[in-house]
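Participant: predicted model, plus sequence, below.
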Amino acid sequence: MDIDSTKLTVFFEAPFWIGVFERIERRKLSVCKVVFGAEPKDYEVWEYLLKNYSQLRFSPSVETVVKKESVNPKRLQRQIRKETAATGIGTKSQQALQMQREENKLVRKALSRKQREAEKQRQFELKQQKRKEKHRGR
């Protein structure tokens with residue numbers, strides 16, 4: 001059974017408050033990390049979610065096991081308390097964030113390499129043009 005869900009975990013990671021969106025679609029987990037800065041109020045988180053959810057950049061998907069949620073309210077309350085007490089985020093989420101960082105790193109490297117080669121080519125053409133002008137006696 002495919003369960004699609006989204007979960008937001010807000011925690012303090014000195015010196016900022018961090019929000020981690022975990023999205024599960026078709027048994028694949030993708031994650032997005034958001035830096036809030038100062039401690040966000042509930043209504044601020046809700047406003048941010050409404051305004052910016054479509055622009056969030058989620059990590060590449062990671063295969064995960066989806067468990068059916070229990071409906072017992074006391075158990076759910078204990079689970080929420082336990083999750084809020086825990087520091088950090090789950091290993092699957094960390095893996096997904098790491099994959100996103102690696103992907104961004106590769107994109108940045110390719111872009112900088114392209115710019116460096118373009119600058120090198122421009123310098124070479126400038127040098128060739130100067131040589132031609134000298135050769136013509138100018």
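Facilitator: Happy to help now that I have it.
Participant: run a quick neighbour tally on residue 9.
Facilitator: 17 (other C-beta atoms under 10 Å). The way it works is simple: take the backbone N, C-alpha and C, and place the C-beta from them, glycine included.
Participant: now it. Nearest residue, chain neighbours left out?
Facilitator: residue 20 (4.8 Å; C-beta to C-beta, 6 or more residues apart in numbering).
Participant: count the neighbours of the one you found for me.
Facilitator: Residue 20 has 21 nearby residues by other C-beta under 10 Å.
Participant: does it count as helix, strand or coil?
Facilitator: strand (DSSP: H, G, I helix; E, B strand; the rest coil).
Participant: all the helices of this protein, in order from the start?
Facilitator: 42-52, 73-85, 91-135 (DSSP state H).
Participant: let me know which of the ones you listed is the nearest to residue 12.
Facilitator: Closest to residue 12 of these is helix 73-85 (C-beta to C-beta; 11.1 Å).
Participant: circling back to that earlier point, can I get the helices of the chain in TSV with mean pLDDT and distance to residue 26?
Facilitator: Formatted as TSV, those follow (pLDDT from 0 to 100; distance: least, C-beta to C-beta, whole Å):
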stretch	mean pLDDT	distance to residue 26
helix 42-52	87	22
helix 73-85	81	24
helix 91-135	91	15
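Participant: quick one, which of the ones you listed is nearest to residue 36?
Facilitator: helix 42-52 (7.7 Å).
Participant: just want the most central residue of the protein.
Facilitator: Centroid check for the chain by C-alpha atoms, centre = their mean gives residue 32 as the closest residue, at 4.3 Å.
Participant: mind checking pLDDT for that residue?
Facilitator: Note on residue 32: pLDDT of 90.
Participant: which residues does it bridge with?
Facilitator: residue 21 (DSSP bridges).
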